[in-house]
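Q: Pasting the sequence and the predicted model now:
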Amino acid sequence: MLSGWSRKVAFLLVFLSAIGWVVYVVGFGMRNDSIKNEFRETVNSASYFCYWCFAVTGLLVFFTTFLHLLCGNKFTAGLTMFFVVPFLTSAGGVLNSNGWSLYEYDQVKGMEFEQFLVWEFVGVLFSVVLYWSSLVLWGSHSSTEKRPKGLLQED
């Protein structure tokens, strides 16, 4: 369990990561609005699974993470780690898809890219980098009182 300054820094990083997630959700809403206006494929199709997965698991990850930082028991830690896996996996899909789209607009088409691509890309990037930074604190600054001894450590 984190304590002292590491808990406060982790809380701040997770809060900023949640703001990045909100930026992503706004961009995803802009995408949905843009698609409705241009009669393209709807965002309810299977090709947008990683977008929906990131939106839903992000909500669950941030709820359980804040709950863990406030309560700090094994159940909330396990629940948080359970939701982190699909959160980070789907974030990779969104970053890959939007990164290629931005590259295509810039290099291949020579056109101005759509704003929702930037909102989604930046939102996911900030969310993942800041959340991952908070996870680094969990591993490196958690209390060592209840950790088992390693094989090479003496009693």
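A: Yep, that arrived.
Q: and Leu151, what pLDDT?
A: Note for Leu151: predicted pLDDT of 48.
Q: and if you look at Val136?
A: 84.
Q: count of residues packed around it?
A: The local packing of Val136 (other CB atoms under 10 Å) involves 11 other residues. Heads up, the C-betas are built off the backbone N, CA and C, glycines and all.
Q: Regarding it, what is its secondary structure?
A: Secondary structure, DSSP: H, G, I helix; E, B strand; the rest coil: Val136 is helix.
Q: how near is it to Val26?
A: Separation of Val136 from Val26 (CB to CB, to the nearest Å): 27 Å.
Q: Any stretches of this structure with poor pLDDT?
A: 1-3, 35-44, 108-113, 139-155 (pLDDT under 70).
Q: And the helices in this structure?
A: Assigned by DSSP state H, the helices in the chain fall at 5-38, 49-71, 74-103, 115-141.
Q: what packs against the shortest one?
A: Contact analysis of helix 49-71 by 3 or more CB pairs under 8 Å, 6 or more residues apart in numbering; DSSP states H and E lists helix 5-38, helix 74-103, helix 115-141 as its packing neighbours.
Q: The second one: which residues count as buried?
A: Right, helix 74-103. Neighbour-count burial for helix 74-103 flags 76-77, 79-80, 83-84, 86-88, 90-91, 93-95, 97-98, 102 (criterion: 16 or more other CB atoms under 10 Å).
Q: now do the longest one
A: Of the residues in helix 5-38, 6-7, 10-11, 13-14, 16-18, 20-21, 23-25, 27-28, 30-32, 35 count as buried by neighbour count, 16+ other CB under 10 Å.
Q: quick one, that helix and helix 49-71 angle?
A: 150 degrees (axes from the mean of the first three to the mean of the last three CA atoms, to 10 degrees).
Q: quick check, distance from helix 5-38 to the centre of its chain.
A: 8 Å (CA atoms, centre = their mean, to the nearest Å).
Q: So which elements touch it?
A: helix 49-71, helix 115-141.
Q: looking at those, which is closest to Gln107?
A: Between Gln107 and the helices and strands packed on helix 5-38, the tightest spacing by CB to CB is seen for helix 115-141, at 14.0 Å.
Q: what comes up buried for that closest one?
A: In helix 115-141, counting by 16+ other CB under 10 Å, buried: 116-117, 119-121, 123-128, 130-131, 134-135, 137-138, 141.
Q: Remind me what that helix packs against, helices and strands.
A: Helices and strands touching helix 115-141, by 3+ CB pairs under 8 Å, 6+ apart, are helix 5-38, helix 49-71, helix 74-103.
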